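Participant: Okay, sequence plus prediction incoming.
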Amino acid sequence: MQLDNIKKELPVWLKRIWVYFKIFAGIAIFAFILWKIPFTHTLWTNNAYTQYNATELSNMGFFDNERYLLSALVQSLAATIALVITLSLVAVQLAAQSYSARVIDVYKRNPDMWILLCIYIITIFYGLGLIKVVELGIAGINMEGAIFVAYFIGFFAFVCLVPYMLKTLDLLKPSTVIELLAVEITKENILDSLEDYDEIAENDPIQPIVDMINAALVRNDYETVKNGLVRIKNSANQIIENESFDQKEEEIFSNHLIEHVERLGKTAIKNGNERSTISSIKVIEEIGMKAADKNLEWTTWRTISTLHIFARDAAPKDFGFATRDIIYSVERIGTQSIRQKLESVPPECVNALETLGIEQAKRKMDWDIGTTANVIMKIGYEDRRVLDVCLRALTKIGLEAADFQLEDALISISDKLKQLGTEIESNDNQHVTMNAAIALGKIGIKTAHKDLYYSTFGIISDINNIGTVAAKKGEKLATRTSIRVLKNLKGNCNYNEMTRVIDNYIEELLEISTKMGWDMSSIIEELAK
């Protein structure tokens, strides 16, 4: 693992070394040009070195000026690097307090600080060494050239502060820190961090980004929240795209990853932050879509489970846009999972929509209920195995809508149940048609008790349509069920015109049944009671 980290960090070091090398080369070329210009060359060249020996120059006090200048340079460099390091450590401390203690690792891995420190150490010790030998007159040393080099590398050291400060300021940006932290989000790092429970907080590569997002949620810093979530999503999708999982690894990986996003989304909901909630929903959706594409059933199911939780928590907050995003996210993931034949996902999609629809009814989000019902129907049409789950969901939402007297929602729910009862090809026991009629009957009784006149009338008509279509298709059990449902509904109606309409519908259904040659004597006896 350490070797892998070195391999990942090596290109970063090479890139930064190359930056400083280009600065060095540029200054060196400029200095060489200056050295070759006669005027500047004369300023630096001192003939006293050739006219007098070292003892004579020392007695003349010739070296004092060079020693003083070199000493000033060394002291300036030492003071500068001390100040830079101090301010850098303060910046690290502030970043750690604002973001996460793990940010310290980002600064430790920053090559600029170590490169700059090496440059200053080399320059300072070169200057100190030159001060020591400046009056010794060592053979072979061009002293004025050596002093020129000292000032050259001293100038280079000061210029290096510019890219270092730019890099440090960039590291203070949350987006840059998130980007660097996200590099550590790999399948191996996540699984390794979960091997020892006591070390999760220390080794979890996702946790520092989560800490930054949580801090941003407190400050209502939406940009940092979005950047953090998107970077987690990108890393997750990259892992899903490129890595292979066995079942156990998939469960561990997806649970750990999605739990982080789930907690962030719940925190955003709790704080009333709809924009951050929407970002969490979008991240979960994209992870779910990628997992469905790769046939990772558990991960896909886990994303729907998280959207289910968001649906439960977001609707009571009157998050209109967020709840609609949940609906469409569930639809997209559900549709993709059906195409990929992920059997456990579609039922959970319907369960999530059921929860959302019930919460929408409690908040009287009338028109949104219609959207939820449409998506439930779409999933039912795509995967006939979940039709019973869809019927149950529509029934519960319809009953809740009746409790809160939501006429528009009831019309939409009633219409969807009628479609299920008339358009879906039933199997041998005709259970879909029968259950649709029974569901309408339950809702109709509730609307009748609530004196919802038009909704009740519409439900009565829809039940009759189901029975009529069932009779024409030769579905005897479904026709008998429709008649019984109409009879029960009649007993709960308070309006004479409704009871007369029900009687007419029952007579029409019995007439069609007689033409079909069915024995309806038992039903007639029930009606007579």
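Facilitator: Here it is on my side, so go on. Numbers count the residues shown, from 1 in each chain.
Participant: okay, CA-based contacts and neighbour counts for the rest of this
Facilitator: OK.
Participant: just for the stretch 201-350 of the chain, where's the confidence low?
Facilitator: The stretch 201-350 of the chain contains residues with pLDDT under 70 at 201-202.
Participant: ok, residues contacting stretch 182-192?
Facilitator: 203-206, 209, 231-232, 235-236, 239, 243, 249, 252-253 (C-alpha atoms under 8 Å, 6 or more residues apart in numbering).
Participant: Show me which of the residues you listed is closest to Ala28.
Facilitator: Nearest to Ala28 out of the contacts of stretch 182-192 is Arg231 (C-alpha to C-alpha; 41.0 Å).
Participant: quick one: contacts for that closest one?
Facilitator: 178-179, 182.
Participant: any idea how far Ile213 is from it?
Facilitator: Distance, Arg231 to Ile213, using C-alpha to C-alpha, to the nearest Å: 11 Å.
Participant: Pop out the phi and psi values for the residue minimising distance to the centre of the chain.
Facilitator: For the chain, the residue nearest the mean C-alpha position is Val283 (3.2 Å; C-alpha atoms, centre = their mean). Taking degrees, to the nearest 10, you get phi -60, psi -50 for the backbone angles of Val283.
Participant: Roughly how far does it sit from Asn214?
Facilitator: Val283 sits 16 Å away from Asn214, going by C-alpha to C-alpha.
Participant: for Leu70, same thing?
Facilitator: Computed as C-alpha to C-alpha, the Leu70 to Asn214 distance reads 51 Å.
Participant: Neighbour count for these two, which is higher?
Facilitator: Ranked by neighbour count (other C-alpha atoms under 10 Å), Leu70 and Asn214 place Leu70 first, with 24 against 21.
Participant: before we move on, the earlier item: dump the contacts of Arg231 to JSON lines, plus pLDDT and distance to Ala470.
Facilitator: Putting these into JSON lines (pLDDT from 0 to 100; distance: C-alpha to C-alpha, whole Å) gives the following:
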{"residue": "Ile178", "pLDDT": "89", "distance to Ala470": "60"}
{"residue": "Glu179", "pLDDT": "88", "distance to Ala470": "61"}
{"residue": "Ala182", "pLDDT": "88", "distance to Ala470": "59"}
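Participant: ok, of those, which one's closest to Tyr164?
Facilitator: Checking these against Tyr164 by C-alpha to C-alpha gives Glu179 as the nearest, at 18.6 Å.
Participant: In contact with that closest one, which residues are there?
Facilitator: Contacts of Glu179 by C-alpha under 8 Å, 6+ apart are Arg231.
Participant: C-terminal to the helix of greatest length in the chain, what's the next element?
Facilitator: Assignment by DSSP state H gives helix 62-98 as the longest helix of the chain. On the C-terminal side of helix 62-98, the nearest following helix or strand under DSSP states H and E is helix 103-108.
Participant: Buried residues, that following helix. List them.
Facilitator: 103, 106-107 (16 or more other C-alpha atoms under 10 Å).
Participant: which one of those residues is nearest Val469?
Facilitator: Closest to Val469 out of the buried residues of helix 103-108 is Val103 (67.2 Å), distances taken as C-alpha to C-alpha.
Participant: List the residues that contact the nearest residue to that closest one once chain neighbours are set aside.
Facilitator: What sits nearest to Val103 in space, not counting adjacent residues and going by C-alpha to C-alpha, 6 or more residues apart in numbering, is Ala96, at 5.6 Å. Going by C-alpha under 8 Å, 6+ apart, Ala96 touches 102-104.
Participant: gap between Gln129 and Ala146?
Facilitator: Not Gln; residue 129 is Gly. 11 Å.
Participant: Please say which of the two ends up with more neighbours.
Facilitator: Ala146 (15 against 12).
Participant: which residue sits closest to that one, ignoring its sequence neighbours?
Facilitator: Distances taken as C-alpha to C-alpha, 6+ apart place Leu130 nearest to Ala146, at 7.7 Å, with adjacent residues excluded.
Participant: Low-confidence bits of the stretch 401-529 of the chain, can you list those?
Facilitator: By pLDDT under 70, the low-scoring segments of the stretch 401-529 of the chain are 425-429, 529.
Participant: which one is Leu420 nearest to, not counting chain neighbours?
Facilitator: Nearest to Leu420 is Ala436, by C-alpha to C-alpha, 6+ apart, at 6.4 Å.
Participant: Oops, could you answer that again for Trp13 instead?
Facilitator: What sits nearest to Trp13 in space, not counting adjacent residues and going by C-alpha to C-alpha, 6+ apart, is Pro111, at 5.8 Å.
Participant: was I right about that neighbour contacting Lys15?
Facilitator: No - counting by C-alpha atoms under 8 Å, Lys15 is not a contact partner of Pro111; they are 9.5 Å apart.
Participant: With neighbour numbers in mind, choose between those two.
Facilitator: Higher neighbour count among Pro111 and Lys15: Pro111, with 21 against 12, using other C-alpha under 10 Å.
Participant: Distance of that one relative to Asp105?
Facilitator: Distance of Pro111 to Asp105, given as C-alpha to C-alpha: 12 Å.
Participant: before we move on, what about Ile413?
Facilitator: On the measure of C-alpha to C-alpha, Ile413 and Asp105 end up 56 Å apart.
Participant: do the same with Asp313
Facilitator: Asp313 is 36 Å from Asp105, by C-alpha to C-alpha.
Participant: ditto for Asn492
Facilitator: Relative to Asp105, and taking C-alpha to C-alpha, Asn492 is found at 71 Å.
Participant: now do Ala402
Facilitator: Taking C-alpha to C-alpha as the measure, Ala402 falls 58 Å from Asp105.
Participant: Next: Leu77.
Facilitator: Distance of Leu77 to Asp105, computed by C-alpha to C-alpha: 27 Å.
Participant: cool, Tyr328 as well?
Facilitator: Taken as C-alpha to C-alpha, the span from Tyr328 to Asp105 is 40 Å.
Participant: Please apply the same query to Asn203.
Facilitator: Look at Asn203 and Asp105: by C-alpha to C-alpha, they are 12 Å apart.
Participant: so Asp318 makes contact with Arg363?
Facilitator: Yes - using C-alpha under 8 Å, Asp318 is in contact with Arg363, at 7.2 Å.
Participant: for the record, mean pLDDT for the host helix or strand of Ile153?
Facilitator: Ile153 is part of helix 143-159, with elements assigned from DSSP H and E. In this model, helix 143-159 has an average pLDDT of 83.
Participant: Tell me the helices and strands packed up against it.
Facilitator: On a contact count with 3 or more C-alpha pairs under 8 Å, 6 or more residues apart in numbering; DSSP states H and E, helix 143-159 meets helix 2-36, helix 38-44, helix 62-98, helix 111-133.
Participant: Could you identify which of the ones you listed is most buried?
Facilitator: Neighbour counts (mean count of other C-alpha atoms under 10 Å) averaged over each of these peak at helix 111-133, with a mean of 18.
Participant: Report the distance from it to the chain centre.
Facilitator: With C-alpha atoms, centre = their mean, to the nearest Å as the basis, helix 111-133 stands 46 Å off its chain's centre.
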